[in-house]
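Requesting a structural model of the entry that follows:
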Amino acid sequence: MEMSQDMLNYNRIAKAIAFIQANFKQQPSLEEIAEHVHLSPFHFQRLFQEWAGTTPKKFLQYISLQHAKKILQESKSTETATFETGLSSSSRLHELFVNIESMTPAEYKNDGSSLTIHYSLQITVFGNICVASTNKGICHIAFIENESEALTGLKSQFSNATIYYQEEQNHIEVAKFISNVSKLSTPIHLHLKGTPFQLKVWEALLKIPQGNLKTYGEIALAIGNPKSSRAVGTAIGSNPIAFLIPCHRVIQTSGLFGGYMWGPIRKTAIIGWEYAKINVSSDETF
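Below is the predicted model of the structure:
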């Protein structure tokens, strides 16, 4: 799969974010960041504004530790009740448009021996993804670098399934949704391989609104098992549906973003990008 312009742009953004995080004490200037990604300050500013919908300066605020702590505090005081009952208007809307169906015990136990899975590679603002689906719905979304990596990831989950490349309409719709090109006009059905506990955790993640953050402890509390934070973390770490099931919105109690199956820089980029989308900034400069 050739590198698209979107992939090239994301790689530059990711490189910039990594540089900023590694040198945050020195507070690098726009010129220094632009030089690091081999762009002029003007072109870097324009690229960032087009990608994130906000300025680099604002974006830095959105991915700061202080900002994460602020979001956690605000959500704890104003949204805990609605989150736990799943009645938050914005999150409820997303939840209704993403429906989870678990695989049968036989499908789960036999690593998908009775399943036929179609997959395709799609382009998003966060890099290339592999999207795979059965006849019942999407079973896998992962950020990938190339097609061989995509197939390896699929076979590790469904070693006995019949897998072949075929682009489906729901693959295209998901990619557009991730890149904010279009909203979900019809429900997206997920056909997931997971334990009852994992499915419960993944369903809870659907209730976290865009631009919001939760801790592992809050997810444990929401599923009625407040002492299961560690198990919740394990379930989140095995989430098979990147972005659509928003495991990137779960962070540490300290405000640190923590790990992510598809890389901590990508998690940081998604969190900042999502917050920027619901807080359209003015035309300020860096």
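
which helices and strands does the helix or strand Ile265 falls within pack with?
Under the criterion of DSSP states H and E, Ile265 resides in helix 264-278. Using 3 or more CB pairs under 8 Å, 6 or more residues apart in numbering; DSSP states H and E as the contact test, the elements touching helix 264-278 are helix 5-22, helix 41-52, helix 56-62. Backbone N, C-alpha and C define where each C-beta goes, glycine included.

what comes up buried for the first one?
Same thing as helix 5-22. For helix 5-22, the neighbour count (16 or more other CB atoms under 10 Å) marks 6-7, 9-10, 12-14, 16-20 as buried.

likewise the last one?
By 16+ other CB under 10 Å, the buried positions in helix 56-62 come out as 56, 58-62.

Quick check: mean pLDDT of the helix or strand following it?
Next in sequence after helix 56-62, counting helices and strands by DSSP H and E, comes helix 65-78. Per-region confidence: helix 65-78 scores 82 on mean pLDDT.

Quick one: work out the angle between helix 65-78 and helix 264-278.
60 degrees (axes from the mean of the first three to the mean of the last three CA atoms, to 10 degrees).

show me what contacts Ala52?
13, 59, 272-273, 276 (CB atoms under 8 Å, 6 or more residues apart in numbering).

same deal with Phe257?
Phe257 is in contact with 63, 68, 251, 264, 267-268, 271, counting by CB under 8 Å, 6+ apart.

Please pick the buried ones from those.
Buried among those (16+ other CB under 10 Å): 63, 68, 251, 267-268, 271.

Now the closest residue to Ala68 other than its chain neighbours: phi and psi?
Distance criterion CB to CB, 6 or more residues apart in numbering; nearest residue to Ala68, sequence neighbours excluded, is Gly255 at 4.1 Å. Here is the backbone geometry of Gly255 (degrees, to the nearest 10): phi 100, psi -10.

can you give me the strands in the stretch 151-286 of the chain?
162-165, 188-192, 214-215, 250-251 (DSSP state E, counting those that start in this stretch).

now those in JSON lines, with distance to Ile241 and mean pLDDT?
Formatted as JSON lines, the strands of the stretch 151-286 of the chain follow (distance: least, CB to CB, whole Å; pLDDT from 0 to 100):
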{"stretch": "strand 162-165", "distance to Ile241": "17", "mean pLDDT": "95"}
{"stretch": "strand 188-192", "distance to Ile241": "6", "mean pLDDT": "93"}
{"stretch": "strand 214-215", "distance to Ile241": "17", "mean pLDDT": "95"}
{"stretch": "strand 250-251", "distance to Ile241": "14", "mean pLDDT": "96"}
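
Any chance of CSV for these, columns distance to Ser133?
Supplementary listing: the strands of the stretch 151-286 of the chain in CSV, determined by distance: least, CB to CB, whole Å:
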stretch, distance to Ser133
strand 162-165, 11
strand 188-192, 7
strand 214-215, 28
strand 250-251, 25
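
Nearest to Arg46 among these would be which one?
With CB to CB as the measure, strand 250-251 is the member of those nearest Arg46 (30.1 Å).

tell me what that closest one is packed against?
Partner elements for strand 250-251 (3+ CB pairs under 8 Å, 6+ apart): strand 214-215.

Tell me which strands the strand it packs on pairs with, and in which orientation.
Its sheet considered, strand 214-215 pairs with strand 250-251 (parallel) by DSSP bridges.

so how far is the strand it pairs with from its chain's centroid?
11 Å (CA atoms, centre = their mean, to the nearest Å).

And for that strand, what's in contact with it?
68, 72, 205, 208, 213-216, 219, 236, 257-258, 271.

who's in contact with stretch 143-151?
So stretch 143-151 is contacted by 1, 119, 121, 126-130, 142, 153, 163, 242, 262-263, 266 (CB under 8 Å, 6+ apart).

and those residues, which are buried?
119, 121, 126-130, 142, 153, 163, 242, 262, 266.

Serialize those residues to CSV and add fields for distance to Phe97.
Output for the buried ones among the contacts of stretch 143-151, formatted as CSV (distance: CB to CB, whole Å):
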residue, distance to Phe97
Tyr119, 22
Leu121, 24
Phe126, 20
Gly127, 23
Asn128, 24
Ile129, 19
Cys130, 22
Ala142, 21
Gly153, 25
Ile163, 27
Ala242, 17
Trp262, 22
Arg266, 23
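
Out of those residues, which sit inside helices?
Judged by DSSP state H, these include 153, 266 as members of helices.

Would you check which pair of the buried ones among the contacts of stretch 143-151 lies furthest apart?
Maximum distance among these (CB to CB): 24.8 Å, for Ile163 and Arg266.
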